[in-house]
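*Asks:* Sequence and predicted model, in that order:
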Amino acid sequence: MYDVEEIRHHFPILERRIGDRRLVYLDNAATSQKPRQVIEALTDYYEHHNANIHRGVHHLAEEATVAYEAARRKIAHFLDTPDTAGLVFTRGTTEAINLVAYAWGRKFLREGDEVVITEAEHHSNLVPWQLAAQATGAKLRFIPILEDGTLDMEEAERLIGARTRLVGCIHASNVLATINPVERLAELAHENDALMLVDGAQSAPHLPVSVEALGCDFFACSGHKMLGPTGVGVLWGKPEILEEMDPFLGGGEMIREVHLDHSTWNDLPYKFEAGTMNVAQAVGLGAAVDYLESLGMENVREHERRLGEYAYRRLSEIEDLTLYGPKRERTGIVSFSLPDVHPHDLSQLLDEEGIAIRSGHHCTQPLMRRLGVAATARASFYVYNTEEEIDALASAIVRAREFFGAFSGAKP
Ligand code: PLP
């Protein structure tokens with residue numbers, strides 16, 4: 001049984017107080033909190049095993065290498081891929097997508113080629129492609145979103161065609177809570193001999209993910225959003241495609257032989273892991289994945305689906321409040337705004353009650369323009385959040401609305 005009270009005991013930070021209030025942490029889409037199991041894995045690594053990996057033959061170097069490679073296998077299992085050769089450690093989703101945009105994009109994109117992404121991408125799946133397009137003469141095309149925040153799939157079918165070389169899409173939106181039909185986009189991409197990249201920053205932490213079942217060629221996610229440490233994430237890519245790509249960063253470990261005038265590359269995935277990696281963080285991410293698997297990703301999804309629906313219902317009862325994104329099939333995120341109240345002011349007022357939410361453009365400025373707003377407020381839930389916390393959020397928003405209404409002269 002999914003016991004949220006027991007789960008909360010695993011997260012020391014949830015005992016914190018902000019002023020005289022209990023912390024209500026609802027900024028999980030930005031970064032999640034860490035269970036004791038992950039914190040202890042980091043401490044244990046540094047207290048007992050720390051060394052540089054792959055290069056040393058001494059005892060600690062062996063242990064550190066074993067721990068790092070064990071983490072790789074755990075994450076490959078978590079993403080349902082048998083092959084660890086395709087599982088590259090990166091700093092996170094941003095670096096993973098940049099890796100593809102440089103190492104694949106610079107090598108294979110040509111003038112006249114098209115990269116198709118969506119209007120709702122996080123900047124990390126937009127700006128790297130803008131840079132790749134500038135460098136190669138390729139063009140970017142954008143799948144629009146419909147009024148309810150879902151993708152316009154009819155337009156997607158029109159846009160993805162003979163010129164398309166790669167389709168890139170967020171699996172789940174960090175603003176709208178939409179879960180996108182990336183499997184269908186992958187089919188469309190492959191029918192046109194294009195590749196499919198899935199930005200899984202907001203899906204891997206929250207939904208059962210199988211890169212095989214998604215049918216994608218690349219999948220990126222960030223450890224810090226899935227109970228793991230900062231500074232580590234992964235790029236999964238089909239090994240045969242990674243093999244054809246140029247290296248991303250040059251240096252130690254990614255080489256096989258180095259001569260003064262040329263070098264040859266190491267086997268996968270090491271070809272893409274130049275220099276000393278974030279070893280402790282990778283081990284910590286392995287512990288995070290163990291923890292999520294002990295909860296069961298189906299249970300995590302069900303818990304967050306319930307919280308997302310409950311929050312959507314509670315917040316839609318608040319007068320004048322606008323909610324963004326589809327009504328159903330949501331992840332555990334709610335983005336909202338109140339007329340005449342800047343989301344920053346709203347989140348500051350909520351902070352005084354110990355409630356941490358996010359306000360801003362959420363690194364999706366084109367999406368904000370599409371929604372006709374400069375910013376939204378966003379509450380995002382995870383394994384340890386409760387309905388009582390959502391009640392606290394809803395009551396605090398009602399009080400904030402009254403507070404700002406009194407100043408603006410608008411009806412409270
Ligand atoms: N993609 C999405 C959908 C995100 O929500 C985020 C982070 O908020 C990112 C990419 C970037 O992740 P990171 O900053 O961990 O690289």
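*Replies:* Structure's in. What do you need?
*Asks:* From now on I want contacts and neighbour counts done on CA atoms only, so please keep to that.
*Replies:* Noted.
*Asks:* What's the per-residue pLDDT of Ala406 here?
*Replies:* Ala406 carries a pLDDT score of 68 in this model.
*Asks:* Check Pro412 too.
*Replies:* Pro412 carries a pLDDT value of 46.
*Asks:* Could you check how far Pro343 is from the ligand?
*Replies:* 18 Å (Cα to the nearest ligand atom, to the nearest Å).
*Asks:* Could you give the number of residues near that residue?
*Replies:* A count of nearby residues for Pro343, using other Cα atoms under 10 Å, gives 23.
*Asks:* Just checking: what are the partner strands of the longest strand anywhere in the chain?
*Replies:* In the chain, with assignment by DSSP state E, the single longest strand is strand 164-170. Paired neighbours of strand 164-170 in the sheet (DSSP bridges): strand 114-118 (parallel), strand 195-199 (parallel).
*Asks:* Check whether the first one comes near the ligand.
*Replies:* In this case it means strand 114-118. No: applying Cα under 6 Å from any ligand atom, one finds strand 114-118 separated from the ligand by no less than 11.7 Å.
*Asks:* Show me what counts as buried in that strand.
*Replies:* Using 16 or more other Cα atoms under 10 Å as the test for burial, strand 114-118 gives Glu114, Val115, Val116, Ile117, Thr118.
*Asks:* Name whatever forms a beta bridge with the third one.
*Replies:* Read it as Val116. Applying DSSP bridges, one finds that Val116 bridges with Arg141, Val167.
*Asks:* got the contact list for it?
*Replies:* By Cα atoms under 8 Å, 6 or more residues apart in numbering, the contact set of Val116 is Leu140, Arg141, Phe142, Ile143, Leu159, Ile160, Thr164, Leu166, Val167, Gly168.
*Asks:* Quick check: the gap between the second one and Ala156.
*Replies:* It stands for Arg141. 10 Å (Cα to Cα, to the nearest Å).
*Asks:* So between those two, which is more surrounded?
*Replies:* Each of Arg141 and Ala156 has its neighbours counted (other Cα under 10 Å); Ala156 has more, 22 against 17.
*Asks:* does that one belong to a helix or a strand, and which?
*Replies:* Assessed by DSSP states H and E, Ala156 sits inside helix 153-159.
*Asks:* what packs against that helix?
*Replies:* For helix 153-159, the elements it packs on are strand 139-143, judged by 3 or more Cα pairs under 8 Å, 6 or more residues apart in numbering; DSSP states H and E.
*Asks:* near the ligand, which residues of this protein show up?
*Replies:* So the chain meets the ligand at 30, 92-94, 122, 124, 170, 173-174, 199, 201-202, 222 (Cα under 6 Å from any ligand atom).
*Asks:* Dump the residues you listed to TSV, plus secondary structure, neighbour count and pLDDT.
*Replies:* Below are those laid out as TSV (DSSP: H, G, I helix; E, B strand; the rest coil; neighbours: other Cα atoms under 10 Å; pLDDT from 0 to 100):
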residue	secondary structure	neighbour count	pLDDT
Ala30	coil	17	98
Gly92	coil	21	98
Thr93	helix	23	98
Thr94	helix	23	98
His122	coil	24	98
Ser124	helix	17	98
Ile170	strand	26	98
Ser173	coil	27	98
Asn174	coil	27	98
Asp199	strand	28	99
Ala201	coil	29	98
Gln202	coil	27	98
Ser222	strand	31	98
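*Asks:* what about the helices in the stretch 151-300 of the chain?
*Replies:* All helices of the stretch 151-300 of the chain, identified by DSSP state H, counting those that start in this stretch, fall at 153-159, 182-191, 211-214, 239-244, 279-295, 297-316.
*Asks:* Follow the chain on from the last one and name the next helix or strand.
*Replies:* In this case it means helix 297-316. That would be, after helix 297-316 and using DSSP H and E, strand 322-324.
*Asks:* Turn the strands paired with strand 164-170 into a markdown table, columns for distance to Gly231.
*Replies:* A markdown table is the format used below for the strands paired with strand 164-170 (distance: least, Cα to Cα, whole Å):
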| stretch | distance to Gly231 |
| --- | --- |
| strand 114-118 | 26 |
| strand 195-199 | 17 |
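*Asks:* Give the buried residues for stretch 180-196.
*Replies:* Quick answer for stretch 180-196 (16+ other Cα under 10 Å): 180-190, 192, 194-196.
*Asks:* likewise stretch 145-158?
*Replies:* Ile145, Gly149, Thr150, Leu151, Met153, Ala156.
*Asks:* Contacts for it, please.
*Replies:* With contacts defined as Cα under 8 Å, 6+ apart, stretch 145-158 is touched by 118-120, 143-144, 176, 178-180, 185, 188, 324-327.
*Asks:* can we see that at 10 Å?
*Replies:* Residues from elsewhere that reach stretch 145-158 (Cα atoms under 10 Å, 6 or more residues apart in numbering): 116-120, 141-144, 159, 167, 173, 175-181, 184-185, 188-189, 324-328, 367, 370-371.
*Asks:* do the same with stretch 38-46
*Replies:* Taking Cα under 10 Å, 6+ apart as the rule, stretch 38-46 contacts 10-12, 36-37, 47, 49-51, 63-64, 67, 227-229, 279-291.
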